[in-house]
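Undergrad: This is the structure alone, sequence omitted:
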């Protein structure tokens, strides 16, 4: 076994499977987080999405609090909070509270996308122009957490002095340039928006300016993973994942038969769905490890965030366990524990 020489983390969308409730999803996320802690993963992030029946992480900070209360060591955070949906002071108070309850374990990744469609944006009372103030909102948020506040007379309590580390999330060159200008770590959503990955990372590294939080550039790249005991099983699970995405992105939540989904995958609309999962490690543990090694080399990432995209709950958990084992995470954790 050859260890992958960089940290591995997990993005958990709190997937609500067929026939499941949100409560079922949260129980599975707790079980996974406890396992991931033992397997040696660096951190788990949860993403803010709204009005999506298959994703349960909309109240992101609440879910993080629940997972943190049921684990001991692993870092937890938002990957991310869609900052234009919120007042920076409110987010500072929420994550300041988390940091006070769980010192040294909380991250805060922020993005400027809506995490929803136009109608949902209206339901959130979000101003469509709010994304334009994203850079200023990040600075305001940072001030509340690290001090001094950039708004005279306003402090975040809890929040002030917690120094919760900020991460800029992105899928375009905008986020790369902002993270570089502010001297913050940069996480790219290449698990569903792969097109600008290499250009964004290059720009971020070239334009990076050191800051109080970070001396050198730090890149996290996300990648889909389905590891199984056989290649055939991994391929089957990946096909089910692609069929599920057809329903999510083409059918807007509609359920298609396997035959209907396969026909759509062969259409122009389906090709767009396939393009979203360009960066996917699918196969036996060795195949997945070799893919992750190549992906890390190609991107120059400092950390990989894997997204176990299997739609079957047992396969989802097993995939993360196999990745930890084959990349040496589990072995390193065992040595440290010993």
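TA: Nice, I can see it. For clarity, every value in this text was computed on a predicted model and none was experimentally measured.

Undergrad: Only C-alpha atoms from now on, for both contacts and neighbour counts.
TA: Will do.

Undergrad: For the longest helix along the chain, name the packing helices and strands.
TA: Criterion DSSP state H: the longest helix present in the chain is helix 22-39. The contact analysis (3 or more C-alpha pairs under 8 Å, 6 or more residues apart in numbering; DSSP states H and E) places helix 22-39 against helix 60-69, helix 313-326, helix 329-337.

Undergrad: The second one - what's its average pLDDT?
TA: On average, the pLDDT along helix 313-326 is 96.

Undergrad: ok, now the first one?
TA: What helix 60-69 shows for mean pLDDT is 98.

Undergrad: Give the buried residues for that helix.
TA: For helix 60-69, a neighbour-count test (16 or more other C-alpha atoms under 10 Å) marks 60-61, 63-65, 67-68 as buried.

Undergrad: how about the residues you listed in JSON lines, adding distance to residue 258?
TA: Conversion of the buried residues of helix 60-69 to JSON lines gives the following (distance: C-alpha to C-alpha, whole Å):
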{"residue": "60", "distance to residue 258": "32"}
{"residue": "61", "distance to residue 258": "36"}
{"residue": "63", "distance to residue 258": "33"}
{"residue": "64", "distance to residue 258": "35"}
{"residue": "65", "distance to residue 258": "38"}
{"residue": "67", "distance to residue 258": "35"}
{"residue": "68", "distance to residue 258": "38"}
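
Undergrad: next helix or strand past the longest helix of the chain?
TA: Per DSSP states H and E, helix 22-39 leads on to strand 43-46 as the next helix or strand towards the C-terminus.

Undergrad: secondary structure element for residue 80?
TA: When elements are assigned from DSSP H and E, residue 80 belongs to strand 75-82.

Undergrad: low pLDDT regions in this structure?
TA: The model of the chain has pLDDT under 70 over residues 1-3, 114-116, 251-253, 332-338.

Undergrad: about what we covered before: from the buried residues of helix 60-69, which is closest to residue 48?
TA: Proximity to residue 48 was ranked across the buried residues of helix 60-69 by C-alpha to C-alpha; first place goes to residue 60, at 5.7 Å.

Undergrad: I'd assumed residue 66 was in contact with that closest one.
TA: No. Applying C-alpha atoms under 8 Å, one finds residue 60 not in contact with residue 66, separated by 10.1 Å.

Undergrad: ok, back up a step: give me the helices and strands touching the strand holding residue 80, please.
TA: Taking 3+ C-alpha pairs under 8 Å, 6+ apart as the contact definition, the neighbouring helices and strands of strand 75-82 are strand 43-46, helix 60-69, strand 106-111.

Undergrad: circling back to that earlier point, would you indicate which residues of the longest helix of the chain are buried?
TA: Along helix 22-39, the positions that meet the burial threshold by neighbour count (16+ other C-alpha under 10 Å) are 22, 25-26, 28-30, 32-39.

Undergrad: now that helix and strand 75-82, what's the angle there?
TA: Using axes from the mean of the first three to the mean of the last three C-alpha atoms, to 10 degrees, the inter-axis angle of helix 22-39 relative to strand 75-82 is 130 degrees.

Undergrad: hmm, who's touching helix 22-39?
TA: Contact partners of helix 22-39, identified using C-alpha atoms under 8 Å, 6 or more residues apart in numbering, comprise 12, 14-17, 44, 56, 63, 67, 70-74, 317, 320-321, 324-325, 329-330, 333.

Undergrad: Name only those of those that count as buried.
TA: Burial of the contacts of helix 22-39 was assessed by neighbour count (16+ other C-alpha under 10 Å); the buried members are 12, 14-17, 44, 56, 63, 67, 71, 74, 317, 320-321, 324-325, 329-330, 333.
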